[in-house]
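> Just a sequence and a predicted model for now, questions to come.
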Amino acid sequence: MLLDLLFPQRCVVCSLPGSALCSGCARSLPRLAPPVCARCGAPVAWPVTRCRECTGRRIAFGSARAAVAYDAGVRLLVSAWKERGLRDLASVAGDVVAEVVSRPGIQTITFVPPDGDRSLRRGHHPPARLARELGRRWELPVRPLLQRARPIRAQRGLARDERRRNVRGAFRARPVRGGVLIVDDVYTTGSTVSAAATALRAAGASSVEVVTFARAVRG
Ligand SMILES: [Zn+2]
Ligand SMILES: [Zn+2]
């Protein structure tokens with residue numbers, strides 16, 4: 001539509017014209033406040049080192065942190081970011097992550113690589129964009145250390161154990177030293193970032209931390 005070309009910017013959550021995310025919606029993003037589980041970042045009633053969600057699970061990363069809960073509004077935001085590659089959203093996400101999550105003690109930032117070449121062909125990949133935004137704010141280098149070793153079936157609709165099997169051995173990593181941060185857009189069960197962390201540890205990373213923009217929160 002011509003109007004869309006003339007006025008392409010509308011808030012992806014409430015449709016208010018002006019920007020990809022209006023200031024009201026940006027302010028009311030459901031930030032994840034402490035206490036959260038020290039390991040997996042799930043919101044908890046009081047500080048714990050392991051929570052109900054991650055107890056007894058083999059997790060290859062040191063800790064995971066996220067900026068906002070993956071609610072209906074955030075879902076709209078993330079899908080607009082993925083499907084339409086709205087540049088402004090990466091910068092908003094970078095601001096919110098830097099506001100909520102403290103700078104991790106690592107040396108290199110990397111990101112979960114795209115599944116197949118679809119998003120690369122379209123020229124946008126939210127985890128890579130967010131990694132660059134965080135690299136700038138935290139003054140850390142961003143390197144594409146991870147590659148997909150094989151195609152992965154979509155994780156959506158799979159149970160936790162199936163997800164873990166689905167991504168086992170799914171990543172290869174370039175040789176690296178020191179601590180590494182993996183950036184992704186959404187943390188669901190942590191299976192994907194854990195498989196990526198396993199590859200990074202095998203490639204020489206001394207520690208692996210995880211930061212995502214959003215996180216699924218169980219009720
Ligand atoms: Zn809005
Ligand atoms: Zn936990």
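Happy to help now that I have it. Numbers count the residues shown, from 1 in each chain. Ligands and ions are numbered 1, 2, ... in the order given.
> Can you tell me how far the spatially closest residue to V12 that is not a sequence neighbour is from ligand 2?
Nearest non-adjacent residue to V12, counting by CB to CB, 6 or more residues apart in numbering: A80, 3.9 Å away. Just so you know, the C-beta spots here come from the backbone N, C-alpha and C atoms, and that holds for glycine as well. Taking CB to the ion, to the nearest Å as the measure, A80 falls 29 Å from ligand 2.
> Pull out the buried residues from the one helix or strand A80 maps to.
Assigning secondary structure by DSSP states H and E places A80 in helix 72-84. Of the residues in helix 72-84, G73, V74, L76, L77, V78, A80, W81, K82 count as buried by neighbour count, 16 or more other CB atoms under 10 Å.
> before we move on, back to that, so the residue nearest to V12 sits right up against L89, yeah?
Yes. Between A80 and L89 there is a contact at 6.8 Å, judged by CB atoms under 8 Å.
> what residues are shared contacts of those two?
Applying CB atoms under 8 Å, 6 or more residues apart in numbering, one finds that A80 and L89 are jointly contacted by V12, A20.
> Identify the residues contacting the residue nearest to V12.
Neighbouring residues of A80 by CB under 8 Å, 6+ apart: V12, A20, L86, L89.
> nearest to ligand 2, of those residues?
Ligand 2 lies nearest to L89 out of these, by CB to the ion, at 27.6 Å.
> Measure how the helix or strand containing the closest one sits relative to helix 72-84, angle-wise.
Per DSSP H and E: L89 is located in helix 87-100. Counting by axes from the mean of the first three to the mean of the last three CA atoms, to 10 degrees, helix 87-100 lies at 140 degrees to helix 72-84.
> Give the other helices and strands that helix 87-100 contacts.
Packing contacts for helix 87-100, counted by 3 or more CB pairs under 8 Å, 6 or more residues apart in numbering; DSSP states H and E, involve strand 64-69, helix 72-84, helix 126-138, strand 207-215.
> Where among these is average confidence lowest?
Least confidently modelled of the helices and strands packed on helix 87-100 is helix 72-84, at a mean of 89 by mean pLDDT.
> In this protein, mark out all the helices, start to finish.
Per DSSP state H, the chain has helices spanning 2-6, 23-27, 72-84, 87-100, 118-121, 126-138, 160-167, 191-202. These are given in chain order.
> Could you dump the ones you listed into CSV with distance to ligand 1 added?
Shown next, in CSV, are those (distance: least, CB to the ion, whole Å):
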stretch, distance to ligand 1
helix 2-6, 17
helix 23-27, 3
helix 72-84, 8
helix 87-100, 11
helix 118-121, 25
helix 126-138, 19
helix 160-167, 32
helix 191-202, 29
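> Need the winner for burial among those helices.
Most buried of those, by mean neighbour count (mean count of other CB atoms under 10 Å): helix 191-202, with a mean of 23.
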